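> The sequence and its predicted three-dimensional model are supplied below.
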4 protein chains.
Amino acid sequence: MNRIPVAVLGATGTVGQKFITLLEGHSWFTVEEVVASSRSAGKQYKEACNWKQPTPIPKEIAEKIVKTTDEKLNSPLLFSGLDSSVAGPAEEKYANDGHFIISNSKNHRMDADVPLVIPELNADHFDIISKQPYKGGIVTNSNCSTMFLAMVLGPLHQAFGVSEVQVSTMQAISGAGYPGVPSMDILGNIVPYISGEEEKLEIEPQKILGSYKDGTITPAKMKISAQCARVPVFDGHTETLSIKFHKKPTPEQVKKVLADFTGEAQKLGLPSAPSRPIVVHEEPNRPQPFLDAWLEKGMVASVGRVRECSVLDIKMVIMGHNTVRGAAGAAILNGEALVKKGYIKV
Amino acid sequence: MNRIPVAVLGATGTVGQKFITLLEGHSWFTVEEVVASSRSAGKQYKEACNWKQPTPIPKEIAEKIVKTTDEKLNSPLLFSGLDSSVAGPAEEKYANDGHFIISNSKNHRMDADVPLVIPELNADHFDIISKQPYKGGIVTNSNCSTMFLAMVLGPLHQAFGVSEVQVSTMQAISGAGYPGVPSMDILGNIVPYISGEEEKLEIEPQKILGSYKDGTITPAKMKISAQCARVPVFDGHTETLSIKFHKKPTPEQVKKVLADFTGEAQKLGLPSAPSRPIVVHEEPNRPQPFLDAWLEKGMVASVGRVRECSVLDIKMVIMGHNTVRGAAGAAILNGEALVKKGYIKV
Amino acid sequence: MNRIPVAVLGATGTVGQKFITLLEGHSWFTVEEVVASSRSAGKQYKEACNWKQPTPIPKEIAEKIVKTTDEKLNSPLLFSGLDSSVAGPAEEKYANDGHFIISNSKNHRMDADVPLVIPELNADHFDIISKQPYKGGIVTNSNCSTMFLAMVLGPLHQAFGVSEVQVSTMQAISGAGYPGVPSMDILGNIVPYISGEEEKLEIEPQKILGSYKDGTITPAKMKISAQCARVPVFDGHTETLSIKFHKKPTPEQVKKVLADFTGEAQKLGLPSAPSRPIVVHEEPNRPQPFLDAWLEKGMVASVGRVRECSVLDIKMVIMGHNTVRGAAGAAILNGEALVKKGYIKV
Amino acid sequence: MNRIPVAVLGATGTVGQKFITLLEGHSWFTVEEVVASSRSAGKQYKEACNWKQPTPIPKEIAEKIVKTTDEKLNSPLLFSGLDSSVAGPAEEKYANDGHFIISNSKNHRMDADVPLVIPELNADHFDIISKQPYKGGIVTNSNCSTMFLAMVLGPLHQAFGVSEVQVSTMQAISGAGYPGVPSMDILGNIVPYISGEEEKLEIEPQKILGSYKDGTITPAKMKISAQCARVPVFDGHTETLSIKFHKKPTPEQVKKVLADFTGEAQKLGLPSAPSRPIVVHEEPNRPQPFLDAWLEKGMVASVGRVRECSVLDIKMVIMGHNTVRGAAGAAILNGEALVKKGYIKV
């Protein structure tokens, strides 16, 4: 098929840059439009953007003129890295205009008619788009820390029934965007607080793991308690989990369920889908951001140290690339699923 | 009174250097002897030592000749930063010779006749020294991460009864000594594993919070589940806690009990005792190692973000200086308590 | 004598906070007034300030009401950490009103009638204040990197005549203030550029080392070529130097001149003067920011690795605490010198 | 052609691991043998190796049995990352046995009959192999910091004649191997000394830029003065240069010569040759390790901030990937050149 033209919204920001990096050479999509705030309007992308990726700006993007959110767009599919301060109404407007918005922002995530999708887990939730009042539609992916938590809880909930979760995170600075975290706050330091983060971790997984029927998502019933910290790591969110189950499994059973897991993204053969969504490590000191964040091009949830917990049932450490699988890569995978499942006619 | 001569064992290591730094100008003690491995024997301390403290070697120590563990010592009180690979038999030998050893090593901590003391919490445990077969005695302080956990659990257990604890740590590199953690492992990275650490955190608090009667320590009954990670922070261990109580308190009650707490160390007026052993922070993003590790000369446990937990009862973040209150400072405080309570005749 | 009331301008910024920290318990000065932008006006200092120092806000300062730069001040002596974007006119206004301003800002440093003073080197330059059109006066200290360069060049120029200097700096993030350098720019990275910094390093030392006669400062004649980089270090600027002399000395001669050096600040016995302004290290791997920045309470220039250079004559590494001796501490020392030399009647 | 079997010596070390990573999928070479110390002998590579690369061990390597340096090897071409403590005699032995050794070690670099080659600059020096007493031969690449310095000096010396160079380096921790630099030495710190490094930087470029005639290399005549520091950067050595020329060029002339430069490696179309060996940056704050170390797969020297120097003639900042172009990649490129130029019959 011809490559589908897509736009990147919030293209100059950290997530926007990652969209552009990940979409370079994509087999289905081609970035036709880059959109940012009026401050960047009319400039070439390379002039408007404070590029912070370790690979250069793709040549075909560098000289594109940045459009503002006021302009009409031509692409049917829009990947949005817009800041949450402006994303809400902008995404509605685009959806009204007939576009499909794949949003990384929190604004519409918890709306009753907006799917919050991880294609390995709940691709059936896409159907709720039909309930939306728009000509097009809005689809969201989860918060970056939620992504790895939900990915791991998904198959475990299916197999053993998850009832309670304690999670403590150590999150990378790239998650806060640019300029984001001042170096004086984090160099050799820990900040044990990220505004709004714990709240997302405590409610998003239940929606993702919820059941969809007749236009309604019924959230999964489980209690999640989160504590979130910022650490001096560039990319890669690490999370320690402790989980209570309805049917207590052994660590070996947990590892087998996780290692064997594949989902709809793998069945559909989506271009950005990792061959295995979850990698289980056996070494005692893994996963580590530096060594494991880029496994399967940054699209997996790494799991390690699965063992018994004396308070709940099972504890473990999980980790994944927060701006790839946790943000831009997640949205691209959602876009691929939408196309493959026929929601977007191209 | 005249200053009591003390020896520092393992004087060239990270904990040994901290002993020497903290004992500079101490009002009761004066470092008369420095002891290290045979590799350092006969050298001046400044030649034998790869000094890594941000203040210079005290002048009166710099040219002292390093003694080996084979030599007879004159000081009644020995502060030991010996590595656990050699500490066990060495400490017994010194105790046999009539010295009091205040040890930072794990070797004898869990022995039935060895007190594991935090003077604010269980100074009454010192009495068990009388059960030891030595002319002198061995006294231990806890693991560095245990220190802050036990300090916080102590008054809460007294007030509300602690039944279950989840703890996830983010531990500074100085805790691993020198050369310790290779920079390639930790610069911009997290290592979610510290050998043997979780085991200590899961059993030491119960001994410290246990009751002493007739020469026997009965451990407190509580389940602790720990996950320990190394982070790129120089000094200061951060821990996220979630606690279940027999009588569930409100966050305000928890904060009041912690902020009001003082113990035997404060009553005795020990020179190294902080005025408050626990500092409760109200700012949402505290405690932080860089900002709070040196509160009260590094001798306090900082507590912040006390709030309800949807899985257990109360969650919070705690932090403290791992080589001061968590190691050398803890041992010095034990030494002071021993002297003040009359165990050491000087 | 009674303690002299002083004001701190720009009191909520990084340099302002350091002023307040260093002035706590000062034997001559007492902070009576704290001044900041209108955004902070009328608030208590502790509310207005995002405190980033490792020691708490001094109690007597925490609840002071912050004044704006529009208000009249009562203190005869003002320490200014105002941002250079506003410092110029504000400092003139205060001087007109009869205050003595000790400024850390670049705005007036190179003015013909403004002394740029390091009390160890050119305390005689203070006399140029008499040429100022103000009822009070303006005195400046150097850029933070200049401080350590000038301090080392001073005695060497006196002894051997400096003709050419190459300097390459590795500067700490605290030099950029708060929020300052984004963590995504500097964590595990080098930024080989600091706006305006090289220009200051290339002209300020000549003014400081210049001769004062009849109301005119004649700059020293030497060529300085600078390259400045930002590095992931919290406090402490490191600089590699290579120097060409009129009379080429041996490394031993250089070390002796530096180690023996004292200046007017030491002769006057100023409270903040280090006993030795320059510390010469013999270890091959020193000075280092972590180990040496706090020598003599952060008020010295550390020098190491003095050796022959095959291109110019002598090379070496220098380092010092950029926000203490390089900023707030330098200004306080200038204030002390002004008082001791009778420029300020109190 | 069939892929040439190669061996990697010192295969478990940092440079050895980089060899294995870079040779994965190489179009000319295939790793048949992995060799390490007797400690690793007989183990599978994945068991013997503490793998520290951000991509997994290639599958075809993971289970290879590690050979010791005592065993006979079958591969004609050996890439050596052996530690300098053992590399000298081992390399001679292999050369005697008929192998070609491409060594990253310093031991034979300055030998009169050993070529020290950067294929862009002095591929003609390979001919000196004929003077070696071995059935095979030894070829070396430069020290990691020398690589970028020599690459930049090469075309400039050709065009304008370089007479004097000042260089000050900021070197990444990966250059010291594993475990290498202790984290307590470098986290948030600078160590202004690297043993033996300055000496290499001061003599290797002259050999590389020397002229080869009749079996003799006559070193280029230029004075180089180096100061080397270790900084908390993972990969990427940064160097500030100041250069004096026989014919002083303008900054624009310097940039043009550097940007236009290509050499023998490009003419021969070697698989690992970058399309441009030198990338000239125009942004004022580049090059930076994080953003630029991986340009052209880590095989270029980045140059930025080319400007006039008031002491010598021209100053600039250079940077490159120390374990790719500065070590393993340089050796592989030498191996490719040897094959292409017919020194190795395969």
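Okay, I see it. Numbers count the residues shown, from 1 in each chain, chains lettered A, B, ... in the order given.

> where does A:A90 fall, helix, sheet strand or coil?
Following DSSP: H, G, I helix; E, B strand; the rest coil, we place A:A90 in the helix state.

> I'd like to know how many residues surround it.
22 (other CB atoms under 10 Å in any protein chain shown). For every residue, glycine as well, the C-beta is placed using N, CA and C.

> got the contact list for the closest residue to it other than its chain neighbours?
Excluding its sequence neighbours, the residue lying closest to A:A90 (CB to CB, 6 or more residues apart in numbering or on different chains) is A:T69, at 5.0 Å. Contact analysis of A:T69 by CB atoms under 8 Å, 6 or more residues apart in numbering or on different chains lists A:L9, A:V35, A:S37, A:L82, A:V86, A:A90, A:K93.

> Same question for A:C49.
Listed by CB under 8 Å, 6+ apart, the contact partners of A:C49 are A:A11, A:T12, A:Q17, A:S40, A:I57.

> can you tell me which two in those residues are farthest apart?
The span of the contacts of A:C49, defined through CB to CB, is set by A:S40 and A:I57 at 13.9 Å.

> which bits of chain A sit near chain C?
For chain A, the contact set with chain C under CB under 8 Å from any CB of the partner chain comprises A:14, A:52, A:173-174, A:178-188, A:232, A:234.

> what about 6 Å?
With CB under 6 Å from any CB of the partner chain as the criterion, chain A meets chain C at residues A:K52, A:I173, A:Y178, A:P179, A:V181, A:P182, A:S183, A:M184, A:I186, A:L187, A:P232, A:F234.

> just to revisit the earlier point, from the contacts of A:C49, which single one is nearest B:I203?
Nearest to B:I203 out of the contacts of A:C49 is A:Q17 (CB to CB; 48.1 Å).

> what about that closest one, which SS state?
helix.

> Grab the nearest non-local neighbour of it.
A:Q53 is the one closest to A:Q17 (CB to CB, 6+ apart), at 5.4 Å.

> Isn't that neighbour up against A:G16?
No - counting by CB atoms under 6 Å, A:Q53 stays clear of A:G16, with 10.6 Å between them.

> Compare the two (neighbour count), which wins?
Each of A:Q53 and A:G16 has its neighbours counted (other CB under 10 Å); A:G16 has more, 26 against 16.

> So for the more buried one, what's the pLDDT?
With respect to pLDDT, A:G16 has a value of 96.

> got it, and A:M1?
pLDDT for A:M1: 59.

> need the contacts of A:C49 in TSV with distance to B:F160, neighbour count and secondary structure, can you?
Below are the contacts of A:C49 laid out as TSV (distance: CB to CB, whole Å; neighbours: other CB atoms under 10 Å in any protein chain shown; DSSP: H, G, I helix; E, B strand; the rest coil):
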residue	distance to B:F160	neighbour count	secondary structure
A:A11	53	28	coil
A:T12	52	23	coil
A:Q17	49	26	helix
A:S40	55	20	helix
A:I57	58	18	coil
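
> and which of those residues is nearest chain B?
A:Q17 (19.3 Å; CB to the nearest CB).

> what separates that closest one from A:K52, distance-wise?
A:Q17 sits 6 Å away from A:K52, taking CB to CB, to the nearest Å as the criterion.
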